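Trainee: here are the coordinates; sequence isn't available:
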């Protein structure tokens, strides 16, 4: 994978003389489960997949999809089951119906989901939200020294960044003074790929979240030279004394802005580690949920020039800043200070919408009316062979064709 070297030098470049090679103490930092943050991850189980399916359904002219076509999306969406069973699991979210006898079943959205979608769209198209999204995306590109990232990496983070479904056309095209799409060559493969590039460096955005908070607390409003990262631990967690002593000294090191180029620091130095933690901290702050899959961060770290090893190291060394959850069949990195128990301290409007979608997903037993039974395979009747193919489950419809 190509590494994006920091070729553009921002105006805020500083000279840091402290470049100690002192390294982390030879001690193992244990992983302790945080039930609150695990729940914050667990409650979004299948939410991303459900929203992606919603967007696919609405992008179709008929506002519905055939079950057979929806099944093709399973590998793309990483569904843990078949699309048919997924739809049946969430009857308040999806309607499975048969257009007419003999035709294959289709799926559409329920009225509550359509209503939430309209509210969500209103947020995406509101000017304050669009400016917030543009600024956060600009800051993400500024963390990459070349102020550009491949579109496939942006797409990986699209959900966590809160970008609209078709963000290239619905957002980027309206801000040509901010963004441009260009061709870049992958050094490892020699192939040309599309990348999103920031048109020009924006000095006013090159202030990290930690620096903003420190400036608000400082009487003069100036940037502080020494900023410690907020740390918190789950109940029952204790660092070894030698690790605790190392962390306290490490916190006293000068804070380096994540928007600064500090690859001149020795990778094994504590100062380089503090800068790396700052970059990772800022990355998570740019996300609407303040969390993302660990693999997303490692891929991004490779491209930014840190390599996956550096990001892995800081995640292991600083459990008071970052938490790695093993829920929902993956590893998710959560920024601890952004949460109070399992709730976000500062809830983004899109997260408010997502919690309302979750409420619909949690409802499993819709009210039944007079109904007819149609097997999910599209065959009529209650034939045991067809029922067996769909796991013995049938789809019931009321007199309006609703599930």
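Mentor: On my side now, so go ahead. Since the structure is predicted, the reported quantities are computational estimates derived from the model, not experimental observations.
Trainee: what's next to stretch 30-44, contact-wise?
Mentor: Contact with stretch 30-44 is made by 233-234, 236-237, 289, 291, 319, 323-328, 332, 334, 336, 339, 341-343, 354, 358, as judged by Cβ atoms under 8 Å, 6 or more residues apart in numbering. Placement of C-beta: from N, CA and C, glycine included.
Trainee: Which ones among these lie within helices?
Mentor: 354, 358 (DSSP state H).
Trainee: Of the contacts of stretch 30-44, which belong to strands?
Mentor: Mapping the contacts of stretch 30-44 onto strands (DSSP state E) picks out 291, 323-325, 332, 334, 339, 343.
Trainee: need the residues you listed in TSV with pLDDT, can you?
Mentor: Listed next are the ones in strands among the contacts of stretch 30-44 as TSV, based on pLDDT from 0 to 100:
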residue	pLDDT
291	98
323	97
324	97
325	97
332	98
334	98
339	97
343	94
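Trainee: Buried subset of those residues, written for ChimeraX?
Mentor: To isolate in ChimeraX the members of the ones in strands among the contacts of stretch 30-44 that are buried, counting by 16 or more other Cβ atoms under 10 Å, one can use:
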select :291,323,325,332,334,339
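Trainee: Now compare the ones in strands among the contacts of stretch 30-44 and name the two farthest from each other.
Mentor: Largest separation among the ones in strands among the contacts of stretch 30-44 by Cβ to Cβ: 324 and 343, giving 19.4 Å.
Trainee: Buried residues, stretch 328-348. List them.
Mentor: 328, 331-339, 344, 348.
Trainee: any idea which of those is closest to residue 171?
Mentor: The closest of those, once distances to residue 171 are taken by Cβ to Cβ, is residue 348, at 16.1 Å.
Trainee: Quick check: buried residues in stretch 38-51?
Mentor: Buried residues in stretch 38-51 (16+ other Cβ under 10 Å): 38, 40-41, 43-44, 46-51.
Trainee: List the ones among those residues that fall in helices.
Mentor: Using DSSP H, those in helices are 38, 40-41, 47-51.
Trainee: need the helices for the stretch 151-300 of the chain, in chain order.
Mentor: 151-156, 158-161, 167-170, 209-217, 241-251, 270-285, 294-304 (DSSP state H, counting those that start in this stretch).
Trainee: So for stretch 52-60, what gets flagged as buried?
Mentor: Buried residues in stretch 52-60 (16+ other Cβ under 10 Å): 52-54, 56-58.
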